[in-house]
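*Asks:* Here you go, sequence then predicted model.
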Amino acid sequence: TDPAMPCIQTVWNRLPRDARFAERGTDALCHAVLDALVDEYMPLLDKMDEEIEWLEDLVLENPETSTLERLLSLKHTVMSLRRVINPLRELVNRLCRNEFPQIDRQSQIYFRDVYDHLVRIQEMSESIRDIVSGAVDIYLNSTSLRLNVVMKALTVVSTIFLPLTFLAGVYGMNFKYFPELNWWFSYPALWFIFLLIVVGMLYFFKKRGWF
């Protein structure tokens with residue numbers, strides 16, 4: 001047996017202990033292999049379901065690049081699983097419909113049970129895929145919102161300093177005669193104007209709801 005295929009190893013270990021394989025023939029052996037194979041998907045899906053719940057909370061609390069990478073990896077895993085499950089489901093469905101003379105009617109009932117498990121697995125994989133896609137959208141929206149907040153803050157700062165730079169530039173010009181230069185209160189008055197402009201613009205931005 002191939003150690004890389006645990007389902008084959010499981011059935012191989014059951015052969016000496018289970019007489020039903022000898023009584024029912026190859027269709028029972030085929031069912032046992034498929035049943036063991038399908039059973040291995042459930043723990044994987046349960047683990048993925050737990051991980052996506054954790055990643056959803058992480059996206060809402062603190063979206064990071066590593067979270068997005070894990071979401072995309074999980075989405076790739078789900079898509080790979082679906083590519084395996086879909087043809088397997090169709091195959092097992094044919095085994096349930098009396099298309100093969102090697103499968104007796106009693107064995108078709110067991111294959112129907114395997115088919116029901118595959119349908120459930122497919123539904124779970126679709127649900128996980130939708131949740132992953134939603135989490136990716138939430139991540140992108142969160143990062144876009146954070147970027148908008150940063151850009152808004154930078155815009156506010158730039159807008160505030162624009163008139164201050166203008167006034168400072170005016171009084172930085174190399175002219176000999178400035179009427180205000182001989183006034184004792186000119187420098188404090190200039191700083192008062194600076195502060196008045198900053199407070200006035202902040203009040204205006206706050207009133208408009210820009211931050």
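*Replies:* Okay, I see it.
*Asks:* right, and the helix or strand after the host helix or strand of residue 66?
*Replies:* Per DSSP states H and E: residue 66 is located in helix 65-95. Downstream of helix 65-95, the next assigned helix or strand under DSSP H and E is helix 105-170.
*Asks:* And that following helix, how far out from the chain middle?
*Replies:* 6 Å (CA atoms, centre = their mean, to the nearest Å).
*Asks:* could you give me the average pLDDT of that helix?
*Replies:* What helix 105-170 shows for mean pLDDT is 82.
*Asks:* how far off helix 65-95 does that helix point, in degrees?
*Replies:* 160 degrees (axes from the mean of the first three to the mean of the last three CA atoms, to 10 degrees).
*Asks:* Could you give the average pLDDT over the next helix-or-strand element following helix 105-170?
*Replies:* Using DSSP H and E, the helix or strand that follows helix 105-170 in sequence is helix 186-208. Helix 186-208 carries an average pLDDT of 80.
*Asks:* Give me the buried positions along helix 186-208.
*Replies:* For helix 186-208, the neighbour count (16 or more other CB atoms under 10 Å) marks 190, 194, 197, 201, 205 as buried. Quick note: C-beta positions are derived from backbone N, CA and C, even for glycine.
*Asks:* re the thing from before, helices or strands next to the helix holding residue 66 in the packing?
*Replies:* helix 26-39, helix 41-61, helix 105-170 (3 or more CB pairs under 8 Å, 6 or more residues apart in numbering; DSSP states H and E).
*Asks:* would TSV of those helices with distance to residue 88 and mean neighbour count be doable?
*Replies:* Formatted as TSV, the helices and strands packed on helix 65-95 follow (distance: least, CB to CB, whole Å; neighbours: other CB atoms under 10 Å):
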stretch	distance to residue 88	mean neighbour count
helix 26-39	8	18
helix 41-61	10	15
helix 105-170	6	15
